[in-house]
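In: Sequence and predicted structure, then a few things I'm wondering about:
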Amino acid sequence: MRVDPAVNYLCTTINCAKTKFLATGSEATRLFFTCLDNKASTSEAQWLRNVKKGMIRVCFQRSMAAGEDMGNSEIPIYLDHFREMIRAYSREGSQEAALRKFALISLWASGGRSSEVIVAM
């Protein structure tokens, strides 16, 4: 398991919550979101740093136990792989499959720049 995506998803989730709740939240809410400031010395910021360290440790230990390669290189997905995934979602036929198919096509069209394509699921 790669740790970077896990940590990024955690921080993205907290950032989404910040966007939604910071303006209308209480003082405690504003204090909590100081965890996103890398230079903050609040207990909330220390909490998030500790969570990230724990995630890194757990992911590393799981990868070591599973005998996974610790390198950062990924296996590329080529057009043939992409077509197979789209066909599989088309055969499955559910609404969720259609959304996933749409997301894949959108991401492929954006050249892998997933932050530029927003898909509401």
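Out: Structure's in. What do you need? Numbers count the residues shown, from 1 in each chain.
In: Buried residues in the top helix by length along the chain, which are they?
Out: In the chain, with assignment by DSSP state H, the single longest helix is helix 43-66. Neighbour counts over helix 43-66 (16 or more other Cβ atoms under 10 Å) mark 44-45, 48, 55, 59 as buried. For glycine as for every other residue, the C-beta is placed from the backbone atoms N, C-alpha and C.
In: Could you identify the helix or strand that succeeds it?
Out: Using DSSP states H and E, the next helix or strand after helix 43-66 towards the C-terminus is helix 79-92.
In: tell me which residues of the next helix or strand after that following helix are tucked away?
Out: Moving toward the C-terminus from helix 79-92, the next helix or strand (DSSP H and E) is helix 95-109. Neighbour-count burial for helix 95-109 flags 100-101, 104-105, 107 (criterion: 16+ other Cβ under 10 Å).
In: what do you get for stretch 24-43?
Out: Those buried within stretch 24-43 under the rule 16+ other Cβ under 10 Å are 32-33, 35, 40.
In: Please state the mean pLDDT value computed over it.
Out: Here stretch 24-43 scores 91 as its mean pLDDT.
In: how long is it end to end?
Out: Length of stretch 24-43, first residue to last, Cα to Cα, to the nearest Å: 22 Å.
In: which other residues reach it?
Out: Stretch 24-43 is contacted from outside by 11, 14-15, 17-18, 21-22, 44-45, 47-48, using Cβ atoms under 8 Å, 6 or more residues apart in numbering.
In: In terms of model confidence, name the weakest of these.
Out: Among those, Leu22 has the weakest pLDDT, 88.
In: Please report how far it lies from Ala40.
Out: Between Leu22 and Ala40 the distance is 15 Å, computed by Cβ to Cβ, to the nearest Å.
In: Excluding sequence neighbours, find me the nearest residue to Arg100.
Out: Tyr89 (5.6 Å; Cβ to Cβ, 6 or more residues apart in numbering).
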